[in-house]
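> turn this into a structure:
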Amino acid sequence: MLKIMPRGNFGPLCEYCAKKYAVKTVTLDGRQKAVVLFNSHRIGVRNLHTTYSTQPNTNTALFRSHVINLARLGSSRSYHTMTFYTGSTILRNPVLYNQGIILQTGSNQQMSSVARLLGGLGRFLRLRYLIFTGAVGGGVVVNKKFESLKEHLPDISWMKEYIPEYDAIEKLALSMRDYTYRVSEPKREWFKNKMDGLRDKAAGLPSLEEVTSGIPSLEDIKARLPSMEDLSDYLNSLPEGDLGSTMMEDAGISMVKGITAAEGTASSSSEDKTAKQKERIEQIQEEMIEIQIRYQKEIERLEKDNRELRKSIMLKDKKDGKRRVMKKSPIDMYSEVLDELAEYDSSYNTQDNLPRVVVVGDQSAGKTSVLEMIAQARIFPRGSGEMMTRSPVKVTLSEGPYHVAQFKDSSREFDLTKESDLAALRREVELRMKSSVRKGQTVSTECISMSVKGPGLQRMVLVDLPGIISTQTINMAPDTKESIRRMASSYMENPNAIILCIQDGSLDAERSNVTDLASMMDPQGKRTIFVLTKVDLAESNLYNPDRIKSILEGRLFPMKALGYFAVVTGKGNSNDSITTIKDYEDKFFRQSRLFKEGVLKPSQMTTQNLSMAVSQVFWKMVKETIEQQTDAFKATRFNLETEWKNTYPTLRELDRDELFEKARGEILDEVINLSQVTPKQWEDAFYRKLWEKNATFVIENIYLPAAQSLNTGTFNTVVDIKLKKWADEQLPKKCVEVGWETLHDQFEKLVNRDQTKKGHDDIYDKLKQAVLVKSSTGHSWEGKAEDSLRVIQNNILEDRSVTDKQQWDSAIKFMEETLKGKLQQAENALNELTGPGFKEQWFNWKSRTPDNWNRIATNNELEKLLHSSRVHQSHLSVDELTTVRKNLQTQNIDVDNDFIRETWYHVYRKNFFKNALSQANNCRKGFYYYQRGFADTGLDCHDVVLFWRLQRMLQVTSNALRQQVMNNEARRLERIIKDGLEDIGEDKVQLSQLLTGRRVQLAEELKRVRQIQEKLEEFVQALNKEK
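All right, here's what the predicted structure looks like:
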């Protein structure tokens, strides 16, 4: 027999099942039975005792126990178990608990079932140990991870100085707890006894009816008095002068006096009461002022402590001893965005609608002084009665440990606590303003950007504009008045700009110009803050509390505003410090009649309240509009990128600076390529250029005059003299010029060689030409080169000995090439004079003019003159001119001597060069005779020797110039080109003129829009993090 007695905590379902089967008895084959018993021992704990009585049998019987829900240690689980009895009692899927199972067995098969139960229990316990070991290991790992994270956390030990210890907090909590125990509400019995005593005392007092019972009523008094008719009849019946009338008059007078006395007493009492009330009101006002002063002083003390604490936190070193890196504040990010937008110029009209505080007002109304009070430093130039602000000044105020100022484009910081730095800052601002004003103008639209940092400064961006004027003086530009109004309007028309309207309180309101402009730009007054300056002068000179009150309530000027403030910006002394002015302002408002009489409210006074209010409005406007502006630039960026993809799909987006850097690299590469030019290439280039520049001079001034000689000796003498003079005076200088031109021509050829290639990008052409111009104007040849060339050339030209046949042939070739070129020039010039020939007339449809026919006739006469004499001078004599003219007259052609001379110039050279070519051809085989001295040969080759000397000079000079270029001039040119490129890169105006086109403009806009969008997103992230 198997008895199973599970013990433990069970749920309500167990109770349900047990009750269900507690009354049932199952009989199997008439001999087997099962009884289920349920016992409850205590509340909340149910013990289920189940006993199965079975007898083994070959017949199979099935007993199925239903679902039992067991509750163990406060948690519930559901177990589905089925028990089958086949031949012997076997319990499958037994339910075991830690509170024990009592088993009594009666057979070996039942013992095996118990063993299986104990094995399952062992496996369960082993699993529990594994889970427990894993939990312990995981805890150790988590502990190590936490310790490693603690090392990366910032050191906050410095906060112990400002946070009380735990023991002190605990003591305070205990003392408060003890106090709450000692303090208790009064007992109900005590309160009830007090109320009963008061009720008893009230019961002993007489009632209201008893008190008023002896007083006659109003009706009784009226009934006892005589009527007005009876009294009138009685008075009329009395004689005049009667005692009764006299008595009545006396009584009337007494009545009147009594009434008057009563009224006087009443009036005096009311006057005393009014005087007391007034005195009380004044006393309350004085108390309020004292409370306000104490409150303000406490605020200032707390602000000072806060500034010192923030400063110490900012300047505190890190754990490793390094100085903390100051993070960029959101206001600095916002200022950078405004600077980018100020330089941004887009054809997509993405307007700059970001908020900024625009300070506007009439001239000398105290605009700059208000801004200085907000910045807590005298940072602007000072003047008395003259215009000092000549251009917009953008001031970014932010909080920092030190009170310093810095310009956007400068790294110098001005210490605003030192008077010397303040003076230097004011001078710098004045110089920048004057330099920004163009010639003939009074004001400038160029904005000067600066930042001011200091402890306790309200974070905002302000723009100080020139004061609005009513009349132009003689020393101003004619359009100064309109220029200032246009400038102010351009800043104020921004729908998100905060208008800080400054009005001089010491002047009549009717003289204001700025209020009309502010009301026109902001009719609803949703972004205007009105500031009344010089309230101290208004109170002392033009004291009218109702007028000032109407101004500060917005009922006098035709404008609306968010708020109205009254400030005092000094006593009129420009040398007073900000601290002095602030103390004077506090003292004035403390003693001001305007404040005592209720004209000024505490929240409307002092520049401190003004700056806090402006800062709140500024940041409110920024938070409302920054997302919209960011979305606008996202849309602009998308449009620009789409246009680029559609217009330049195969090109990179290179802005102007990137294009310049690319062109700069290409140009410098070509400078380096100059060193790769071979010596032969240099010498050939110099050779051609030298002869090209000097050939005309040599032919006209040396060769032709010497050819007029009758013998060889005279020819050589003339040639030597002229060559010496040429080599001493002109030739070296001319050769240096040729060297300079050749060098630059070669560089220009390298720079421009890409222009002939397919797919040439012409965007760099203007820049390259500008670099070529700069290099040509900046580069000059070394001065000592002329002296060295002079010596070399004189030595070469003095040598007249041709040493070998090769040199002789080379000279003849050089001579023939030169003479052929000159002959071609002479023939072309003569053809131009004589007009088109027969072939040209027929094929080109041209005809000769009368002048051409006169040239032809003159040419024929001159040809006859040349053929008449074998050797002829280069000039015509007077007789020859007369002869030619007479011959032409016989042909009915009338020309003057100048006409004949002009024709002779070309005719003579044509014939001379033909003869010289013939002579050169004859001298090809004359080298042998040259060595023999041309004795009795009749061959004259002295002009070949001349051309050999010239050729030698050209070769040696080309070699010398090549050495100077490769050793010195190329490097000097490289330095000049680099300097020129740097100058172009720094001059943004010139660079914008050299790199132009829609492609450059589109890339520039894309770059700028991306920069602005990135800065806007960075600012938005910082702003959201700050929230």
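
> separation between R555 and D546?
Separation of R555 from D546 (CB to CB, to the nearest Å) stands at 10 Å. Quick note: C-beta positions are derived from backbone N, CA and C, even for glycine.

> swap that for E336, please
Taking CB to CB as the measure, E336 falls 48 Å from D546.

> the more surrounded of those two?
The residue with more neighbours, out of E336 and D546, is E336; 20 against 9, by other CB atoms under 10 Å.

> can you tell me, leaving aside adjacent residues, what's nearest to that one?
K1015 (5.7 Å; CB to CB, 6 or more residues apart in numbering).

> and V535, by the same measure?
A566 (4.6 Å).

> assign C501 to helix, strand or coil.
State at C501, reduced to three classes by DSSP: H, G, I helix; E, B strand; the rest coil: strand.

> that one and Q608: what is the separation?
C501 is 19 Å from Q608, where distance means CB to CB.

> and these two? which has more neighbours close in?
Taking neighbours as other CB under 10 Å, C501 and Q608 compare with C501 leading, 29 against 21.

> apart from its chain neighbours, what residue comes closest to that one?
Closest residue in space to C501, ignoring its immediate chain neighbours: A518 at 4.6 Å, by CB to CB, 6+ apart.

> the one you found reaches L500, doesn't it?
No - with contact defined as CB atoms under 8 Å, A518 and L500 do not form a contacting pair (9.6 Å).

> tell me the residues that contact both of the two, please.
Shared contacts of A518 and L500 (CB atoms under 8 Å, 6 or more residues apart in numbering): V360.

> of those two, which one has the most company?
A direct count of neighbours by other CB under 10 Å for A518 and L500 places A518 higher, at 30 against 26.

> tell me the pLDDT of the more buried one.
A518 is assigned a predicted lDDT (pLDDT) of 88.

> host element of it?
helix 514-521 (DSSP states H and E).

> ok, now L723?
Counting by DSSP H and E, L723 is found in helix 712-729.

> kindly report the same for V671.
In this structure, V671 is located in helix 656-673 according to DSSP H and E.

> buried stuff in that helix?
Neighbour counts using 16 or more other CB atoms under 10 Å place 656, 659-660, 663-664, 667, 670-671 of helix 656-673 among the buried residues.

> for the closest residue to D576 other than its chain neighbours, helix, strand, or coil?
Leaving out its chain neighbours, the residue that sits closest to D576 by CB to CB, 6+ apart is G570, at 5.6 Å. Assigned by three-state DSSP, the conformation of G570 is coil.

> check which element follows the helix or strand harbouring I812 along the chain.
Using DSSP H and E, I812 sits within helix 805-834. The helix or strand immediately downstream of helix 805-834 is helix 838-843, counting by DSSP H and E.

> my read: the residue nearest to D576 touches T579, true?
No - taking contacts as CB under 8 Å, G570 lies outside contact range of T579: 11.7 Å.

> more neighbours: which of these two?
More crowded of G570 and T579, by other CB under 10 Å: G570, with 23 against 9.

> from A635, how far out is the more buried one?
Distance from G570 to A635, by CB to CB: 48 Å.

> could you do V871 as well?
V871 sits 91 Å away from A635, going by CB to CB.

> got it, and Q730?
Counting by CB to CB, the gap from Q730 to A635 is 70 Å.

> cool, M559 as well?
Distance from M559 to A635, counting by CB to CB: 35 Å.

> so those two - more neighbours on which side?
More crowded of M559 and A635, by other CB under 10 Å: M559, with 23 against 12.

> can you tell me the SS state at the more buried one?
With three-state DSSP as the basis, M559 sits in coil.

> and it, what pLDDT?
Reading off the model, M559 has pLDDT 80.

> which ones are touching it?
M559 makes contact with 501, 515-516, 518-519, 522, 525, 528, 530 under the criterion CB under 8 Å, 6+ apart.

> these, buried ones only, as a PyMOL selection?
Command for PyMOL that selects the buried part of these, burial taken from 16+ other CB under 10 Å:
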select buried, resi 501+515+518+519+522+525+528+530
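
> count the neighbours of L556 for me.
Neighbours around L556, by other CB under 10 Å: 17.

> on that earlier part again, the residue nearest to E336 sits in which helix or strand?
helix 998-1026.

> who are the packing partners of that helix?
Packing contacts for helix 998-1026, counted by 3 or more CB pairs under 8 Å, 6 or more residues apart in numbering; DSSP states H and E, involve helix 330-343, helix 607-647, helix 656-673.

> now the angle between helix 607-647 and it, please.
140 degrees (axes from the mean of the first three to the mean of the last three CA atoms, to 10 degrees).

> and M815, how far from D546?
Distance from M815 to D546, by CB to CB: 112 Å.

> do the same with S364
For S364, the distance to D546 - CB to CB - is 26 Å.

> do S391 as well
40 Å.

> which other helices and strands contact the helix or strand harbouring Q769?
Using DSSP H and E, Q769 maps to helix 765-778. If you count contacts as 3+ CB pairs under 8 Å, 6+ apart, helix 765-778 packs onto helix 656-673, helix 731-751, helix 970-986, helix 988-994.

> show me where the stretch 351-500 of the chain has its strands.
Secondary structure of the stretch 351-500 of the chain (DSSP state E, counting those that start in this stretch): strands at 357-361, 393-399, 404-407, 413-415, 448-454, 460-464, 498-504.

> just name the most buried of the ones you listed.
Comparing those by mean neighbour count (mean count of other CB atoms under 10 Å), strand 357-361 ranks first with a mean of 27.
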